[in-house]
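Engineer: structure for the following, please:
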Amino acid sequence: MVHIIFRHYREGDEKQLADLFNHAFKRSVVRRSPTGWHWRYVKSPGFEPEMCQIAEDIDKKKIVGTILVNLVETRTIAKKKYLIGDINDVSTHPDYTKRGIATKLMENSIKYMKEKGCDFSMLSTGLRGFARSRIYQKFGYFDIEKEYYFIQIPNVIQLIRNFFGFAFFFPILFTISYLPPLLNRLRIKFKNFLKDFSYEINHNKKHFEYMNAINRISSKNYEGYPGYDQSKFNWARINVPANHNKPTYIVIKKGGKIVGGAVITHQNIKAPKIRLKLRLGIIHEIFLDENVFNNTYNLYLGYIYLIDKIIKAATQRDLGALLYTSSLNANDLNQAFKGMSFLKIKNDVIMVKELKKNLKFPKLKKPLFIPTYLSLGVV
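Structural biologist: All right, here's what the predicted structure looks like:
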């Protein structure tokens, strides 16, 4: 007979928790190490052990299930502030499914969020996944925003170095990856609107210049932008555990003032059986000051200009591929990705649960800001 106990995080759990995630999400682009797990959760602002709910086979002293509540933060939606708890890393060991483990962990996590005074809980999951229909919907979670994944190859040569099997597709990859950006560069060169703009690519420097710019601009463009304070930015971008977590900032300036930007890090993906070793770039956020790019066409051109510089930064960073998660309703940005021949995949959905009686989730008037720590589980 299996004896399962339910508890919360204790120091020293990191290795088992990282192993559990990697085993449960074998197809995920994200891999966890004990050091990375500790930074991702324990070092995050406001972490409490109760945020990590754990199921343990007490006889084998083996962690067999977990759910993370992280982060708990205030976000502005429809001009009102709400406290929202994010759900991450819902994991059950395959040998321990159908025992009610995920149900009990969800109950404990929801109880914690209610005790913290959260108004809503939010998570990202697959549209057709088992968890959406069999767990989240049963707990009262409902869809609020669908997501697109946009994928591009910034450097075909680097991709082939990562995996020589891609050489067979070189003509196709070359046409998709290089021709649209080249044509758009020529197009932008002759646009008078963009002649006064400049750009910078800053690797692991000018952190707070970027932080101040995104805080100033993104809250105007999106619903639910949580913002950075110094503590959160130090955690997310400065005091990081590995080189692949170090940020590269891309900023657009007009008259010396930042009017747009983005940040990329990368994940190292390995598949020894097929000799694949890929540096996958993660675009965490993209923003433009819509007061400067003051009509739909100029905004589209601005995003094209910014995405082109993101691709340049990815090439400098020797990345084999680029990935961005976008709100379905970010129409101008999504059109620009399409114009730069990013592959579009509609895969995931953001879900919300209302945690207080008589409180309804407000209607979204702007695209939802989808942080990568929610959508992809990476900071």
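
Engineer: low-confidence ranges in the stretch 201-350 of the chain?
Structural biologist: Within the stretch 201-350 of the chain, the stretches with pLDDT under 70 are 271-276.

Engineer: recalculate using a threshold of 80.
Structural biologist: Low-confidence segments of the stretch 201-350 of the chain (pLDDT under 80): 270-277, 346-347.

Engineer: hey, where'd the helices end up in it?
Structural biologist: 207-221, 230-233, 296-316, 331-339 (DSSP state H, counting those that start in this stretch).

Engineer: could you chop this structure up by domain?
Structural biologist: Following automatic domain parsing, the chain resolves into domains at 4-118, 150-348.

Engineer: out of the helices of the stretch 201-350 of the chain, nearest to Lys15?
Structural biologist: Evaluated over these, closeness to Lys15 peaks at helix 230-233, with 26.2 Å, by CB to CB. C-betas here are computed from N, CA, C, even on glycine.

Engineer: buried stuff in the closest one?
Structural biologist: Buried residues in helix 230-233, defined by neighbour count with 16 or more other CB atoms under 10 Å: 232-233.

Engineer: ok, residues contacting it?
Structural biologist: Outside helix 230-233, the residues that touch it by CB atoms under 8 Å, 6 or more residues apart in numbering are 45, 207-208, 211.

Engineer: possible to save the domains of the chain as a markdown table with distance to Ala131?
Structural biologist: Rendered in a markdown table, the data for the domains of the chain read as follows (distance: least, CB to CB, whole Å):
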| stretch | distance to Ala131 |
| --- | --- |
| domain 4-118 | 6 |
| domain 150-348 | 11 |
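
Engineer: who wins for proximity to Lys357 among those?
Structural biologist: Nearest to Lys357 among those is domain 4-118 (10.7 Å), distances taken as CB to CB.

Engineer: how about the strands in the stretch 1-150 of the chain?
Structural biologist: Residue ranges of the strands in the stretch 1-150 of the chain, as given by DSSP state E, counting those that start in this stretch, are 4-8, 52-57, 62-77, 80-92, 120-126, 142-152.

Engineer: so what does the fourth one touch, helix or strand wise?
Structural biologist: In terms of contact count using 3 or more CB pairs under 8 Å, 6 or more residues apart in numbering; DSSP states H and E, strand 80-92 is assigned the packing partners helix 14-24, strand 62-77, helix 101-115, strand 120-126, helix 372-375.

Engineer: do that again at 7 Å, thanks
Structural biologist: Counting by 3 or more CB pairs under 7 Å, 6 or more residues apart in numbering; DSSP states H and E, the packing neighbours recorded for strand 80-92 are helix 14-24, strand 62-77, helix 101-115, strand 120-126.

Engineer: and the shortest one, by the same measure?
Structural biologist: Counting contacts by 3+ CB pairs under 7 Å, 6+ apart, the secondary-structure elements packed against strand 4-8 are strand 52-57, helix 101-115.

Engineer: ok, the shortest one: who's next to it in the sheet?
Structural biologist: It refers to strand 52-57. strand 4-8 (antiparallel), strand 62-77 (antiparallel) (DSSP bridges).

Engineer: which stretch among the domains of the chain comes nearest Asn358?
Structural biologist: Distances from Asn358 to each of the domains of the chain were compared using CB to CB; the minimum, 14.0 Å, belongs to domain 4-118.

Engineer: measure the closest one end to end?
Structural biologist: End-to-end distance for domain 4-118: 28 Å, by CA to CA, to the nearest Å.

Engineer: rewinding a little: and the strands of the stretch 1-150 of the chain as CSV, adding distance to Ala314 and mean pLDDT?
Structural biologist: Rendered in CSV, the data for the strands of the stretch 1-150 of the chain read as follows (distance: least, CB to CB, whole Å; pLDDT from 0 to 100):
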stretch, distance to Ala314, mean pLDDT
strand 4-8, 39, 97
strand 52-57, 33, 98
strand 62-77, 27, 96
strand 80-92, 26, 96
strand 120-126, 23, 96
strand 142-152, 8, 94
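
Engineer: okay, these in a markdown table with distance to Lys309 next?
Structural biologist: Conversion of those to a markdown table gives the following (distance: least, CB to CB, whole Å):
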| stretch | distance to Lys309 |
| --- | --- |
| strand 4-8 | 44 |
| strand 52-57 | 38 |
| strand 62-77 | 28 |
| strand 80-92 | 30 |
| strand 120-126 | 27 |
| strand 142-152 | 13 |
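
Engineer: and the ones you listed as JSON lines, adding mean neighbour count and distance to His284?
Structural biologist: Formatted as JSON lines, the strands of the stretch 1-150 of the chain follow (neighbours: other CB atoms under 10 Å; distance: least, CB to CB, whole Å):
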{"stretch": "strand 4-8", "mean neighbour count": "14", "distance to His284": "28"}
{"stretch": "strand 52-57", "mean neighbour count": "22", "distance to His284": "23"}
{"stretch": "strand 62-77", "mean neighbour count": "22", "distance to His284": "14"}
{"stretch": "strand 80-92", "mean neighbour count": "20", "distance to His284": "15"}
{"stretch": "strand 120-126", "mean neighbour count": "22", "distance to His284": "14"}
{"stretch": "strand 142-152", "mean neighbour count": "18", "distance to His284": "13"}
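
Engineer: mind checking those strands for the one nearest to Glu354?
Structural biologist: In this view, the strands of the stretch 1-150 of the chain are compared for proximity to Glu354 by CB to CB, and strand 120-126 is the closest at 6.0 Å.
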